[in-house]
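In: What follows is a predicted protein model with its sequence.
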Amino acid sequence: MSTYQGGRRAARPRRRSRWFLAGGLLAGSLVVGVAGFNGVAATAGDRDFPVLDLAGVLRGDDARPAPGGTAARPNEPSGDGAGRPDGREGDGRDGGGPDRQVGRAEPDRQPADGPGTGRHEVVSVPCDSGKLIAALVQANAEGGGSLRLAAKCTYTLSQAFHQADEYDGGIRDAREAADAAETPGDAEAPKHKPEDDKAGLPVIYQPITVEGDGATIARDVQAEDFRFFTVRDGGELTLRNVTLHNGRSKIEGGAVHVVHGATAVIERTTVTHSTSLSAEGGGGGVFNDGNMVVSDSTFVGNSAAGAAGKGGGLLNGGVLTLRGSRFHQNSANAYGGGLGNYRGAAEVETSTFVRNSAAQGGGLASFSARTKVFDTKVLGNSAQVGGGLANSDAVLVLRKMTIRDNTSTVNGGGISTVKGLLPLDDSVVAGNTTHGAGGGIYADKSNLLVRGSDVTGNEAVGAASKGGGIHALAGQVSVYTSRITWNAATVAPGGVFAHHARARIDDESVIVENEPTNCAGNTPAVAHCFR
């Protein structure tokens, strides 16, 4: 579950979508019928609802179209009374008169499993990008749907899909007003141009599932800039087993953009070589401002390329749960080369961040945010500050981490925390390098807690570098039952350096074999530290 869910306002009910009508897209393929499940009497005067045969549903022998492709619709006269559960002819009150379309095959639909119209049938989409667009149009028109893409197909999109935005104020207006009140400077930032907010596929307003079956959705290399999916207030997008390639957006979300009142689930999906050009935002692969769950997915070669771009692979400003996923060779001009959590709540587990880069937080960055990262590897990333991870004005909780072989040119080869809280438990910080201060960990005006962890073999190699293991300025550093060993710095001390910071080392911790000294060089001296 996510670390924080309070304070998120629920999306208010939306008006029925009309864009497909206004856009001239009403066609025979988009006729919507009431066909949730067969055999239900819907006329106001008839209350003879049948008893659902649950055993039959489980066997799969629920009502289906008759042989030859013709099926009697619910409440439609069929001549032999089969259209009604009581066997009577329709009387026209339910629209079953001569103007009804008779004899047309109805898609096979799954039976309802609760109140309302129930689930929609799974629609197989041929290997044709135009038919993918049409299927999404129809799913929106019907209040949701499930699509299965053609196995291993590549759906190449060559132009943006133009449609009017159906948003009607409410939650988005409230969020923007709240942000402006919290950070007045944001109100002065340039507004997005509507013409820059482009997607190659219809905007998602309804619960829609896309089962990829190994298919790829790609933007043509010569096409204009657009992402693939935009999920608006009230929309729920589920993506499974699909690759999104070469998305490109002038604003947030190079491949996927989830707004504040929307939700998304991304499973076994690869987002590759996508770019956000947003000057202040980002999310080269994905931008989430709503509620998102990502599992068993891969982000490769994505970029937040704006001047202050954040989150090369994924930028979160909402509520994010991420597990079992891999971030490789993503980049951001500002912070969060792999993942950026900015003003959001994120929980990350059993994931890897490898060879990502940014100005701050090469692998992962938590800025003005709440972030928990468990059982995760952060390997070979690079940044100016926080080669592996960066935390600023935020909470970053780390447990069972491997933070190894990351580099920084300024401070914090493995980890940097500035004006933040950073507990590090049961973890290894090893083999990281900085050309500034804090080869393993750099803490400035922060509360750093190192518990049951090893900080070993890190280096601070600049001409005036101190604190090969830990470098703390102001704030507080506390070390419990941990080992700080074999670290090196150009200037003493090589193990732990604490300047104007309260340093507490318990007597169960070991600080030895650091060069040129363990703690000597600190004023006042650090207790419980071998010289």
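Out: Great, that's in hand. Numbering: from 1, shown residues only.
In: Local confidence estimate at Y155?
Out: The confidence metric pLDDT takes the value 98 at Y155.
In: buried ones in the helix or strand hosting K131?
Out: Take DSSP states H and E as the rule and K131 turns out to sit in helix 129-141. Neighbour-count burial for helix 129-141 flags 129, 131-141 (criterion: 16 or more other C-beta atoms under 10 Å). Every C-beta, even on glycine, is put in place using the N, C-alpha and C of the backbone.
In: and if you look at stretch 345-358?
Out: Neighbour counts over stretch 345-358 (16+ other C-beta under 10 Å) mark 345-349, 351-358 as buried.
In: which of those sit farthest apart?
Out: In these, the most distant members under the criterion C-beta to C-beta are A345 and R355, with 26.7 Å between them.
In: Put the alpha carbons of stretch 329-343 into PDB.
Out: Listed in PDB are the C-alpha atoms of stretch 329-343, where the atom choice follows Å, rounded to 0.1, in the frame of the first residue of the first chain:
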ATOM      1  CA  GLN A 329      19.800   4.400 -18.400                       C
ATOM      2  CA  ASN A 330      17.100   7.100 -17.900                       C
ATOM      3  CA  SER A 331      18.100  10.700 -17.400                       C
ATOM      4  CA  ALA A 332      16.800  14.000 -16.000                       C
ATOM      5  CA  ASN A 333      18.300  17.500 -16.200                       C
ATOM      6  CA  ALA A 334      17.200  18.400 -12.700                       C
ATOM      7  CA  TYR A 335      16.600  15.400 -10.400                       C
ATOM      8  CA  GLY A 336      15.500  11.800 -10.300                       C
ATOM      9  CA  GLY A 337      17.200  10.200 -13.300                       C
ATOM     10  CA  GLY A 338      15.200   7.000 -12.800                       C
ATOM     11  CA  LEU A 339      12.400   8.100 -10.500                       C
ATOM     12  CA  GLY A 340      11.500  11.500  -9.200                       C
ATOM     13  CA  ASN A 341       9.000  11.900  -6.300                       C
ATOM     14  CA  TYR A 342       8.000  15.500  -6.100                       C
ATOM     15  CA  ARG A 343       5.300  16.600  -3.700                       C
END
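In: could you give me the average pLDDT of it?
Out: For stretch 329-343, the per-residue pLDDT averages 98.
In: Same question for stretch 355-364.
Out: In this model, stretch 355-364 has an average pLDDT of 98.
In: So what's the residue count around the nearest residue to K152 once chain neighbours are set aside?
Out: For K152, ignoring the flanking residues on the chain, the nearest one in space by C-beta to C-beta, 6 or more residues apart in numbering is G214 at 5.0 Å. Other residues near G214 number 13, with proximity taken as other C-beta atoms under 10 Å.
In: Which elements pack onto whichever strand or helix holds G214?
Out: Following DSSP H and E, one finds G214 within strand 207-219. Helices and strands touching strand 207-219, by 3 or more C-beta pairs under 8 Å, 6 or more residues apart in numbering; DSSP states H and E, are helix 129-141, strand 145-149, strand 154-157, strand 236-245.
In: Direction included, what does it pair up with?
Out: Sheet pairing here is set by DSSP bridges, and for strand 207-219 it gives strand 145-149 (parallel), strand 154-157 (parallel), strand 236-245 (parallel).
In: Just send those back as CSV, with mean neighbour count too.
Out: Conversion of the strands paired with strand 207-219 to CSV gives the following (neighbours: other C-beta atoms under 10 Å):
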stretch, mean neighbour count
strand 145-149, 20
strand 154-157, 19
strand 236-245, 21
